[in-house]
Structures are given as C-alpha cells and as structure tokens.
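Asker: Structure for the following, please:
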Amino acid sequence: MKQKKILLISSIGGHLTQLLQLEELFKEYQYHIVTEKSEVTRQLVHKYPISFLMYGSRTYPVSYPFKFSFNIVKSLFIFLKHRPDVVITTGAHTAVPICYIAKLFRKKVVYIESFAKSQSPNLSGKLIYPIADLFIVQWESMKKYYPKAVYGGSIY
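Answerer: I've put the predicted structure just below:
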C-alpha cells in the first residue's frame, strides 16, 4: 500500500510550535514541512525536510501584498513538487494559499485552530473553514464559531 504524503504548513512562531507538536503522528508518513524563513527556522533543515516561504506580516501593509503574492506562486511550486495527499496546517496567513491549491487538486485539507484562539476566530481559520475536510478546534468554546469543527483538545 502506498504511504500517504503529507504537507505540513504554518507561519513561524506559535503556529509552527503547535505544528511540530504533531511530530509523533507525521513522522509515520512521508512528510514535508513548509514555513517562513527566519533565523530560527533555518535550523530546522537539520531535523526535517523543509521548504521556506518569504516571511511577511500584515503589519507591514506596503510590502505584505508583494510578499504574499510571491508566496502564492512559490506555494504552487512547492505543492506541485511534493504532490501531497493531505495538507495539515495550524495557520496562519502563510497556509491559506496552499490549502486552496490543495482543494483545486482535490486533496484533503486539515486545519487545526490555534490554541491561542479560545474566544474568537482568526482570519486564516475563517478562510479555510469552508474548504477544510477536517477542522479541529482546541477549545470547546470555538465550536460556536465553527459548528462543523471537531473538538480535539490541546495538542500541547
């Protein structure tokens, strides 16, 4: 039987920390990680198969649209290179394009809402919820925003 290919994607910081908490699960599959390039994430190449997108924050409104556009194109190339069966993400903005690309290619999308979000949804969650095959929340209180979500508890 063919082993599933998994693409794991997140922004840097807490989103990436949460994604890496799933290592016991994803190491059982053929996987590849995608995150933003920074001083911290460069060290991950010694431990994981990884690709980098350009770091971009919405707090820089002049450069963000250009960086986000670049990341969309690069995301397509990463997706086509690795051809995953499933995309798993903890968000945030960096992950949205690959999730939509995955749906265009009829692949599964699994979104895990951030542990930090217990009282309100974040933008990436709102954007990915309509297309997610499995949407997991880490707080029961988030089910009021995402009624079809599955409560999975904390991944920490």
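
Asker: Excluding chain neighbours, what is closest to the residue most central in space within the chain?
Answerer: Ranked by distance to the mean C-alpha position of the chain (C-alpha atoms, centre = their mean), the top residue is T89 at 2.5 Å. Leaving out its chain neighbours, the residue that sits closest to T89 by C-beta to C-beta, 6 or more residues apart in numbering is A95, at 3.9 Å. For the C-beta atoms, the positions are set from N, CA and C on the backbone; glycine is no exception.

Asker: quick revisit: can you pull up the bridge partners for the residue nearest to the centre of the chain?
Answerer: Judged by DSSP bridges, the bridge partners of T89 are I9, Y111.

Asker: My read is that it contacts G125, right?
Answerer: No. At 10.0 Å, T89 and G125 do not qualify as touching, with contact defined as C-beta atoms under 8 Å.

Asker: So, low pLDDT: which residues of the chain?
Answerer: Where the chain drops to pLDDT under 70, the residues are 1.

Asker: the strands in it, which residues?
Answerer: 5-10, 30-36, 50-53, 86-91, 108-112, 134-137, 150-151 (DSSP state E).

Asker: quick one, which of those is nearest to K74?
Answerer: Nearest of these to K74, taken as C-beta to C-beta: strand 50-53 at 5.8 Å.

Asker: residues in contact with that closest one?
Answerer: Strand 50-53 has contacts (C-beta atoms under 8 Å, 6 or more residues apart in numbering) with 32-37, 41, 44, 71, 74-75, 78, 94.

Asker: Tell me the strands beside that strand, with direction?
Answerer: Using DSSP bridges, strand 50-53 pairs in its sheet with strand 30-36 (parallel).

Asker: The strand it pairs with versus strand 5-10: what angle between them?
Answerer: Counting by axes from the mean of the first three to the mean of the last three C-alpha atoms, to 10 degrees, strand 30-36 lies at 20 degrees to strand 5-10.
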